[in-house]
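S.K.: let me see the structure of the following:
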Amino acid sequence: QVQLVESGGGLVQPGGSLRLSCTASGFDLDYYFIGWFRQVPGKERDGILCISNSDDSTYQADSVKGRFAISRDKNTMYLQMNNLEPEDTGVYYCAAAIMVATLCEIDEYENWGQGTQVIVSS
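M.R.: Coordinates of the predicted model:
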C-alpha cells in the first residue's frame, strides 16, 4: 500500500524552529519528485518547497526562502523550518510524484500525506 505518513507538527513560538518528517511506505522515495505544501486558513493549498527526483532542481516559495529547507534520507523526507513567523501557521502536507513537469504544481502530485498542523504563536 502506497502511503505517506507525516509527523512533527505542533505549537511553536515566533522565531522558533520545527522539523516535519514524512515517511513513505510501498514505494521508493529516492526515485520521486517530492515536495511540501501548505494550506493556511481561508486559502488554497500551495507548494512551498519542492525538489526533483535527482535533487538538482528546486522550487522555493518567496515566503520561505532562506528559512525553510527540504531534504530526504532513505524513505523519509524532511522540512526544516527556522525563524518561524505567525504567517507560517497552517496545515503542512508532504507529497510525491514519479514525474512532474512543474515543481510544486499541486495537480501533478499523486501521493499525499495526511497533513500536520503547525501553529506559530506566542
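S.K.: now do stretch 76-94: distance to the chain's middle.
M.R.: 7 Å (C-alpha atoms, centre = their mean, to the nearest Å).
S.K.: when you give positions from now on, start the count at 290
M.R.: Happy to do that; since the first residue is 290 now, the last one works out to stretch 365-383.
S.K.: how about that stretch: buried residues?
M.R.: 365-368, 370, 373, 377-383 (16 or more other C-beta atoms under 10 Å). Heads up, the C-betas are built off the backbone N, CA and C, glycines and all.
S.K.: stretch 306-317 too?
M.R.: 307, 309-313, 316.
S.K.: can I get the residues you listed in TSV with distance to D396?
M.R.: Converted to TSV, these look like this (distance: C-beta to C-beta, whole Å):
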residue	distance to D396
L307	27
L309	22
S310	25
C311	19
T312	24
A313	20
F316	19
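S.K.: dump the residues you listed into JSON lines; add secondary structure and distance to G404 as well.
M.R.: Below are the buried residues of stretch 306-317 laid out as JSON lines (DSSP: H, G, I helix; E, B strand; the rest coil; distance: C-beta to C-beta, whole Å):
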{"residue": "L307", "secondary structure": "strand", "distance to G404": "15"}
{"residue": "L309", "secondary structure": "strand", "distance to G404": "10"}
{"residue": "S310", "secondary structure": "strand", "distance to G404": "13"}
{"residue": "C311", "secondary structure": "strand", "distance to G404": "10"}
{"residue": "T312", "secondary structure": "strand", "distance to G404": "14"}
{"residue": "A313", "secondary structure": "strand", "distance to G404": "15"}
{"residue": "F316", "secondary structure": "coil", "distance to G404": "19"}
